[in-house]
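Asker: Need coordinates for the following:
(chains A, B, C and D)
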Protein chains: 2
Amino acid sequence: MSLSYAILGLINYKPMTGYDLKKFFDDSINFFWSAQTSQIYRELKTWEQKGCIVSSVQASEKGPDKRIYSITEQGMESLKNWLSDMPDEVDEDNRNAFLLRLFLLSQLGVEELVFQLKKRLKKYRRDLQNLKDVEGKMQEYAHMIGKQEEVHFWKIILSRGFHDVESHIHWAEESLEYLENLPKDKPNLNN
Amino acid sequence: MSLSYAILGLINYKPMTGYDLKKFFDDSINFFWSAQTSQIYRELKTWEQKGCIVSSVQASEKGPDKRIYSITEQGMESLKNWLSDMPDEVDEDNRNAFLLRLFLLSQLGVEELVFQLKKRLKKYRRDLQNLKDVEGKMQEYAHMIGKQEEVHFWKIILSRGFHDVESHIHWAEESLEYLENLPKDKPNLNN
DNA sequence: GAATTCATGTAACTTGTTACATGATTTA
DNA sequence: TAAATCATGTAACAAGTTACATGAATTC
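Answerer: Model prediction:
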């Protein structure tokens, strides 16, 4: 399962708490992976039961005690095995709820489509800004995990994010233009 | 839930069987939505219980009897309501198992990364061909559901697919180039 | 004094996957 | 005669979401 190895892989960079993991997901790799707190703690529990990670409780300066998880030899072995046998076709999830809605939305009429595309365009521009923020933090994260050389590889992943957002923006702009030039008054669910 | 409305929306085009729906998912909207047979029949059952669709059994020329589902007035109402209240931020699922693997893969070394990116590039080129095939079938589908005007809107969705694949190809090519020009022999999980 | 951050979790539920079962007809 | 297509489902399980509970310390 991808999520469990995501967690193992992050802990392999550096020992972390469940809370740290949640933050890493939320404000750094969020553009290609996400996780709920409830899932994270669930996975941590099962990895620990398998002996792939160990935890120790430590008092925190602020707030409650922390439970810090570190990877074990066995965990590294597991991670390495998983990374090594990449399946021929990694089944990435293509599901896109917005595209689905848009696809069905044409049954409501063109104006709705235009309205939603305009809203989307704004969202994509916000996404672009968010990615720039992540880019800015990258160096910081690399320092945190103590591996400067990772930055080279992270740049590749981040660049994918930029390619994606830029292509979304172009698509939305093009589509709006296309719709503007369509003849009006098609029959739909409203009439 | 998106999947259930996807099903309702497709049935709204034209009465269909579970099998028809599965085919529609698989060879037409697969690039932004997918569904398992087991899910489809589950959702059909719950929509029917709610009175949003009705079914009638009909003998088939070939193979077993068909259960054909049609949308009801209530179902159209439901669909329209759902389409009308698009949430401000549609929570599309960004999870991408390949990107996650790639991100963690750098812990194994650069050669692995290069190898996987090359394989991916080939996959993206296959994706492009698949999309072209869908494009070819579009007219046919429009004819099947008896709504030629839908083609205009489907073109927008399809165009998104093309934008995506093309940006993936560019990204992979660029990233390979970037990796070729990196200094070699970084320490990793293997040493 | 209210909201945010730090920190860990549980419970109930929904959604998605994998594997199986059945059986006729058609095409290679 | 073997494989593919047509056609409908069930069962068991895995993964993901939502909502809740607790409570200290800090910032606005």
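
Asker: rest of the way, CA atoms for contacts and neighbours
Answerer: Fine.

Asker: I'd like to know which elements the lowest-mean-pLDDT helix or strand in chain A is packed against.
Answerer: Lowest on mean pLDDT, DSSP states H and E among the helices and strands of chain A sits helix A:110-145, with a mean of 90. Here helix A:110-145 touches helix A:97-105, helix A:150-180, going by 3 or more Cα pairs under 8 Å, 6 or more residues apart in numbering or on different chains; DSSP states H and E.

Asker: Now tabulate those helices in CSV and tack on mean neighbour count and mean pLDDT.
Answerer: Shown next, in CSV, are the helices and strands packed on helix A:110-145 (neighbours: other Cα atoms under 10 Å in any protein chain shown; pLDDT from 0 to 100):
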stretch, mean neighbour count, mean pLDDT
helix A:97-105, 22, 96
helix A:150-180, 19, 96
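
Asker: Show me the one of the ones you listed that comes nearest B:Ile157.
Answerer: helix A:97-105 (6.6 Å; Cα to Cα).

Asker: State the distance from A:Lys119 to B:Ala142.
Answerer: Using Cα to Cα, to the nearest Å, A:Lys119 is found at 28 Å from B:Ala142.

Asker: cool, and A:Cys52?
Answerer: Separation of A:Cys52 from B:Ala142 (Cα to Cα) stands at 53 Å.

Asker: If you count surrounding residues, which of those two has more?
Answerer: A:Cys52 (21 against 16; other Cα atoms under 10 Å in any protein chain shown).

Asker: In contact with the residue found closest to that one once you drop the neighbours it is linked to in the chain: list those residues for me.
Answerer: Leaving aside its chain neighbours, A:Cys52 sits nearest to A:Gly75 (3.8 Å; criterion: Cα to Cα, 6 or more residues apart in numbering or on different chains). A:Gly75 makes contact with A:Leu8, A:Gly51, A:Cys52, A:Ile53, according to Cα atoms under 8 Å, 6 or more residues apart in numbering or on different chains.

Asker: with the residues you listed in mind, which one is nearest to chain B?
Answerer: Using Cα to the nearest Cα, A:Leu8 is the member of those that sits closest to chain B, with 9.7 Å.

Asker: Show me what the helix or strand where the closest one lies is in contact with.
Answerer: If you go by DSSP states H and E, A:Leu8 is part of helix A:2-13. Helix A:2-13 has contacts (Cα under 8 Å, 6+ apart) with A:21, A:35, A:40, A:43-44, A:47, A:53, A:69-71, A:75-76, A:79, A:82, A:145, B:97, B:100, B:104.

Asker: Stretch A:148-158 now?
Answerer: For stretch A:148-158, contacts defined as Cα under 8 Å, 6+ apart pick out A:Leu131, A:Glu135, A:Met138, A:Gln139, A:Ala142, B:Leu99, B:Leu102, B:Phe103, B:Ser106, B:Ser175, B:Lys186.

Asker: Can I get these in TSV including distance to DNA strand C?
Answerer: Output for the contacts of stretch A:148-158, formatted as TSV (distance: Cα to the nearest atom of the strand, whole Å):
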residue	distance to DNA strand C
A:Leu131	19
A:Glu135	20
A:Met138	18
A:Gln139	18
A:Ala142	18
B:Leu99	17
B:Leu102	19
B:Phe103	21
B:Ser106	25
B:Ser175	28
B:Lys186	31
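
Asker: related to what we said a few turns ago, from the contacts of helix A:2-13, pick out the ones that also neighbour DNA strand D.
Answerer: With Cα under 7 Å from any atom of the strand as the criterion, those include A:Ala35 near DNA strand D.

Asker: what's the domain layout of chain A?
Answerer: What automatic domain parsing lists as the domains of chain A is A:2-84, A:97-180.
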